[in-house]
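*Asks:* prediction below, plus the sequence it came from.
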Amino acid sequence: MTADTAPLVVFDGVHKSYDGKVQVVKDLHLRIDEGEFLTLLGPSGSGKTTTLMMLAGFEEPSAGDIIFDGRRINNMPTYKRNFGMVFQNYALFPHMTVAENLAFPLRMHRFAKPEIAGRVKRALDMIRLDSVADRRPIQLSGGQQQRVALARALVFEPRMVLMDEPLGALDKQLRDHMQLEIRELHERLGLTVLYVTHDQSEAMTMSDRVAIFNDGLVQQIGPPDMVYDKPQNAFVARFMGENNVLSAVAGQVDGVSLRLRTPAGAELLAQAPDKLAAGVASQVLVRPEQVALGTGKDNCFSGVVADVIYHGNHLRVVVDVPQVGRITAHLAKSECHLCPSEGDGVQVNWPATAAVAFPADSETGA
Ligand SMILES: Nc1ncnc2c1ncn2[C@@H]1O[C@H](COP(=O)(O)OP(=O)(O)OP(=O)(O)O)[C@@H](O)[C@H]1O
Ligand SMILES: [Mg+2]
């Protein structure tokens, strides 16, 4: 590997156990390129914060190496790593004004006084909080405090920024706004970001790549659309977005698709990322936005509408299909006129390419 392509951060076979028994991070191999925005996404307790804390230097790996810019940093103290950090409740210093909070890391890094003043001013401009420079944190809203925390993490222009659920405490509108702001800063300053969230839409909006964690193991890593469209196991498929989950038994391969049979005897056509031997108990996952009403070539079944639910930008039509189970379809608002009513007999269908089959016992992928 040449110096040009060497990643900025490498987790090389990293394990972590807090008590010497339970491994909360297991054999982690992760590379982060310079300038990349990588998000760790996964359910509560899956090891995201632990991973971030090991990179930050607040926790030591139990085994394996962490490399930054070509150097092993397992035992390097946090302050020497020079990372910017933002946490969900990363308290600002309450006795300092906003401007003093921003100047603090610069003083720690021994910047000259005029340089500090200039950088604080630029940081305030960046987060559009010039007008509150002389206030103390308690006099700011939650969102304003979070923006100051963000600016404080970036004011000394670190190469690497670590963020752990930095927007978790904000309301949806402010969160959406801050997501764009962070993404823009990342692009403008060329920052390398390791971001932690359990909110999948946040991960999808912001990241170059997403690493899906479950039970201390990376289940899949890739660009957001790959992880969403081509899940490698049932955990990823179910964690990312909504799914219809159908039970079936694998049969024969037919061209690029696999034939499966439901307990009621219906035949399904699906893709199988892992080969499924005939007779294996399986689950077939189909996203509601892939289900259409009416007749179609593959996976076409008759049912009765059980419910129609109106959402902001789409309708959810729930159909009881005796041969396969309950199927939810999403209909765009523009298709409203096609929408049936409760009790109507309808047909549903979805393409063979839009259904994925996994072994029934592969839920954790572990
Ligand atoms: N300091 C600690 N001492 C002992 N166990 C810990 C410690 N910190 C975390 N754990 C345990 O390690 C596991 C992983 O925790 P971690 O905080 O990394 O999860 P997470 O993915 O960040 O979850 P969340 O989304 O809830 O923040 C959990 O089982 C947790 O209870
Ligand atoms: Mg956490």
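*Replies:* Looks like it arrived, so ask away. Ligands and ions are numbered 1, 2, ... in the order given.
*Asks:* please make it C-alpha for all contacts and neighbour counts, starting now.
*Replies:* Will do.
*Asks:* R128 should be in a helix, yeah?
*Replies:* No. Assignment of R128 by DSSP: H, G, I helix; E, B strand; the rest coil gives coil, placing it outside any helix.
*Asks:* for it, give its distance to R136.
*Replies:* For R128, the distance to R136 (CA to CA, to the nearest Å) stands at 16 Å.
*Asks:* higher neighbour count, these two?
*Replies:* R136 (19 against 13; other CA atoms under 10 Å).
*Asks:* wait, doesn't that one sit right on M96?
*Replies:* Yes. Taking contacts as CA atoms under 8 Å, R136 lies within contact range of M96: 6.0 Å.
*Asks:* quick one: the helices in the stretch 151-300 of the chain?
*Replies:* Ranges of helices in the stretch 151-300 of the chain, per DSSP state H, counting those that start in this stretch, are 172-189, 200-206, 224-229, 234-239.
*Asks:* just name the most buried of those.
*Replies:* Each of the helices of the stretch 151-300 of the chain was scored by mean neighbour count; the highest is helix 234-239, a mean of 20, by mean count of other CA atoms under 10 Å.
*Asks:* same for that one, what does it pack against?
*Replies:* strand 217-222 (3 or more CA pairs under 8 Å, 6 or more residues apart in numbering; DSSP states H and E).
*Asks:* identify the residues contacting the strand it packs on?
*Replies:* For strand 217-222, contacts defined as CA atoms under 8 Å, 6 or more residues apart in numbering pick out 25-28, 46, 209-213, 227, 231-233, 235-236, 365-366.
*Asks:* does ligand 1 sit close to that strand?
*Replies:* No. Judged by CA under 6 Å from any ligand atom, strand 217-222 and ligand 1 are separated, with a smallest distance of 10.5 Å.
*Asks:* partners of that strand in the sheet?
*Replies:* strand 209-214 (antiparallel) (DSSP bridges).
*Asks:* hmm, the strand it pairs with touching ligand 1?
*Replies:* No. Strand 209-214 stays out of contact with ligand 1 when judged by CA under 6 Å from any ligand atom, the minimum separation being 7.6 Å.
*Asks:* same question for that strand, mean pLDDT?
*Replies:* In this model, strand 209-214 carries a mean pLDDT of 97.
*Asks:* repeat for stretch 150-168
*Replies:* Averaged across stretch 150-168, pLDDT comes to 91.
*Asks:* same check, this time on stretch 270-285
*Replies:* Stretch 270-285 carries an average pLDDT of 92.
*Asks:* got the buried residues for it?
*Replies:* Neighbour counts using 16 or more other CA atoms under 10 Å place 270-272, 276, 280-285 of stretch 270-285 among the buried residues.
*Asks:* out of those residues, who's nearest ligand 1?
*Replies:* Closest approach to ligand 1 among the buried residues of stretch 270-285 (CA to the nearest ligand atom): L285, at 25.0 Å.
*Asks:* check contacts around the closest one.
*Replies:* Counting by CA under 8 Å, 6+ apart, L285 touches 237-238, 243-246, 355-357.
*Asks:* quick check: it vs Q271, distance?
*Replies:* Noted for L285: a distance of 10 Å to Q271, by CA to CA.
*Asks:* what do those two both touch?
*Replies:* Common neighbours of L285 and Q271, counting by CA under 8 Å, 6+ apart, are 355-357.
*Asks:* among those residues, name the buried ones.
*Replies:* Of the members of these, the ones counted as buried by neighbours, 16+ other CA under 10 Å, are 355-357.
*Asks:* count of neighbours near the residue in the stretch 201-350 of the chain that ligand 1 sits nearest to?
*Replies:* Proximity of the stretch 201-350 of the chain to ligand 1 (CA to the nearest ligand atom) peaks at G216, 7.2 Å away. G216 has 22 neighbours, counted by other CA under 10 Å.
*Asks:* kindly reformat the buried ones among the shared contacts of L285 and Q271 as TSV containing pLDDT.
*Replies:* What follows is the buried ones among the shared contacts of L285 and Q271, written out as TSV (pLDDT from 0 to 100):
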residue	pLDDT
A355	95
V356	94
A357	95
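*Asks:* residues from the stretch 251-366 of the chain in reach of ligand 1?
*Replies:* Counting by CA under 6 Å from any ligand atom, the stretch 251-366 of the chain has no residue next to ligand 1.
*Asks:* give me the residue ranges of the stretch 251-366 of the chain where confidence is low.
*Replies:* Low-confidence segments of the stretch 251-366 of the chain, defined by pLDDT under 70: 362-366.
*Asks:* cool, and the stretch 1-150 of the chain?
*Replies:* 1-4, 89-90.
*Asks:* let's go with 80 and repeat that
*Replies:* For the stretch 1-150 of the chain, applying pLDDT under 80 flags the ranges 1-5, 88-91, 126-127.
*Asks:* how about the residues of it near ligand 1?
*Replies:* Residues of the stretch 1-150 of the chain found near ligand 1 (CA under 6 Å from any ligand atom) are 18, 24, 43-50.
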